[in-house]
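In: have a look; sequence and predicted model below, questions after that.
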Amino acid sequence: MVLLVTDVFVLLTQVLLWVVVGLFAWYVLLRALPRAFLGGLVLLLLLGVAAFTFYRGSPAQGLVGDIFRLIAIPFSPLGIILILLLIAFSELLRGGKLSRTGLILLRIAIPALLILSIPAVSYFLAQRAEAEAIDIARPVAAQALPAGARRVIVSLAQDTTRLQLRPRTQPIPAAPAPTAPQLIPPPSPIPAGTLTLLTDQPVQLTERGDILTYTNQVYQEERARGTAPLVIVTAGDRPERLRRTGETQNEVSEAADARRFLQDLGIPEGDIIGDSNSPTIQSSAVNVRQELRRRGINFGNQLILVSSAIEMNRAALTFNREFNSNNVPLTVIPRPTNFFTLPAREALRGRAQGRDVVERNFQLADLIPSIDAFSLSSKVINEYVTSIYYFLRGWIRPVRTTL
């Protein structure tokens with residue numbers, strides 16, 4: 001198949017225009033403007049974004065959110081390594097030889113990439129981070145509710161579900177008109193029966209989906225105790241999803257999918273409150289506090305918090321700080337889940353023995369770098385960096401007193 005002559009002309013015109021725009025931007029930024037001015041401009045941009053985030057919080061949606069995520073790249077392990085490699089290789093492209101600085105950058109970037117990609121290293125980092133969650137976890141039975149209060153379970157459901165098709169609510173559209181041959185042919189239309197199979201799928205979970213299944217388990221435990229449990233599901237909007245005419249934010253948010261999944265597991269609709277404006281832990285804490293006050297719910301100044309073990313320490317400190325700083329005494333009952341590792345043998349001493357002690361066997365593959373290991377290492381490091389940011393914002397305290 002070949003493109004029509006007009007299509008080829010339009011495509012070439014677009015490409016040429018982008019080339020012209022790129023050359024003009026390159027000339028203005030790297031040739032016409034002095035480097036001192038560019039450095040000052042970049043510094044002002046960074047300071048402006050930092051001031052914005054410290055005043056309004058981290059943007060999560062829209063163009064500002066995209067710019068913030070772009071600027072935050074250097075604070076992630078992958079971003080730092082890529083920047084170091086780009087600086088080093090740019091010297092090769094310009095002069096064909098690495099300077100002393102370029103060699104130092106390579107000696108930092110490549111070993112860092114290799115070390116963080118070793119499964120044994122990533123397992124060690126994750127095990128240490130999850131040990132903090134185990135230290136603060138406590139059984140719910142030890143926390144009695146005051147008379148007249150009901151148990152409130154907060155499920156931090158951000159990034160627990162995947163984007164998927166939904167059952168059809170609109171009339172079946174007419175068959176599309178035939179199109180001219182294209183260089184890359186469009187996908188074939190999905191058969192009607194196959195579409196039904198896709199739309200009838202259960203809610204698709206991510207690797208953080210354990211948070212939702214564990215939320216249901218905690219709910220059923222509390223229901224058996226007679227504490228009239230209430231689940232608050234917090235998550236943000238889906239910026240990657242196109243919103244159609246007539247759709248509201250609540251309909252397209254991840255909280256709606258998480259709520260539907262919990263209902264499918266057997267939790268009554270009336271026992272679930274959805275919060276679709278909480279893409280971060282801090283916004284979850286603020287919105288949960290306001291929702292409890294607005295509805296006049298007597299939660300006995302206790303909250304069960306269900307989240308990933310890696311981020312549980314920050315989540316518990318954030319909720320504790322948000323409620324107590326607004327004169328609402330709170331006892332957080334952390335219930336971590338979504339573990340990547342097992343507790344060390346020393347941590348199980350005096351608690352389990354023999355076949356009850358489940359350990360991970362060391363293998364030669366634990367020394368071979370892998371993408372999964374680098375991803376896990378990045379999760380742990382990003383969590384520590386985010387905790388520092390939360391501390392700088394005053395959302396958590398550096399020293400835990402009591403939850």
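Out: Looks like it came in fine.
In: once you drop chain neighbours, what's closest to the residue most central in space within the chain?
Out: Geometric centre of the chain, nearest residue: Asp159, 5.3 Å, by Cα atoms, centre = their mean. Nearest residue to Asp159, sequence neighbours excluded (Cβ to Cβ, 6 or more residues apart in numbering): Arg208, at 5.3 Å. C-beta here means a position set from N, CA and C on the backbone, and glycine is covered the same way.
In: ramachandran angles for the one you found?
Out: phi -90, psi 10 (degrees, to the nearest 10).
In: can you pull the pLDDT of it?
Out: We have a pLDDT of 95 for Arg208.
In: got the contact list for Ile108?
Out: Applying Cβ atoms under 8 Å, 6 or more residues apart in numbering, we find Ile108 in contact with Leu84.
In: what's the burial count for the residue nearest to Asp159?
Out: 19 (other Cβ atoms under 10 Å).
In: wait, doesn't it sit right on Thr337?
Out: No - between Arg208 and Thr337 there is no contact under Cβ atoms under 8 Å: 9.1 Å.
In: now do the shared contacts for the two.
Out: Joint contacts of Arg208 and Thr337 (Cβ under 8 Å, 6+ apart) are Ser308.
In: may I have stretch 233-245 exported as PDB, CA atoms only?
Out: In PDB, the C-alpha atoms belonging to stretch 233-245 read as follows (Å, rounded to 0.1, in the frame of the first residue of the first chain):
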ATOM      1  CA  VAL A 233     -11.300   4.600  48.700                       C
ATOM      2  CA  THR A 234      -9.000   7.500  47.700                       C
ATOM      3  CA  ALA A 235      -7.400   7.900  44.200                       C
ATOM      4  CA  GLY A 236      -6.900  10.500  41.600                       C
ATOM      5  CA  ASP A 237      -8.200  11.200  38.100                       C
ATOM      6  CA  ARG A 238      -6.800   9.400  35.100                       C
ATOM      7  CA  PRO A 239      -5.000  12.100  33.100                       C
ATOM      8  CA  GLU A 240      -4.200   9.600  30.300                       C
ATOM      9  CA  ARG A 241      -7.900   8.900  29.700                       C
ATOM     10  CA  LEU A 242      -9.800  11.100  27.200                       C
ATOM     11  CA  ARG A 243     -13.000  12.400  28.900                       C
ATOM     12  CA  ARG A 244     -16.000  12.200  26.600                       C
ATOM     13  CA  THR A 245     -18.900  14.700  26.600                       C
END
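In: give me the mean pLDDT for it.
Out: On average, stretch 233-245 scores 82.
In: for stretch 176-189, same thing?
Out: Mean predicted confidence for stretch 176-189 is 75.
In: tell me how far Arg138 lies from Ile333.
Out: The gap separating Arg138 from Ile333 is 6 Å, by Cβ to Cβ, to the nearest Å.
In: quick check: domain ranges of this structure?
Out: 11-56, 127-161+203-239+249-340+354-393 (automatic domain parsing).
In: the longest one: how far from the chain's middle?
Out: Read that as domain 127-161+203-239+249-340+354-393. In terms of Cα atoms, centre = their mean, to the nearest Å, the centre of domain 127-161+203-239+249-340+354-393 is set 13 Å apart from its chain centre.
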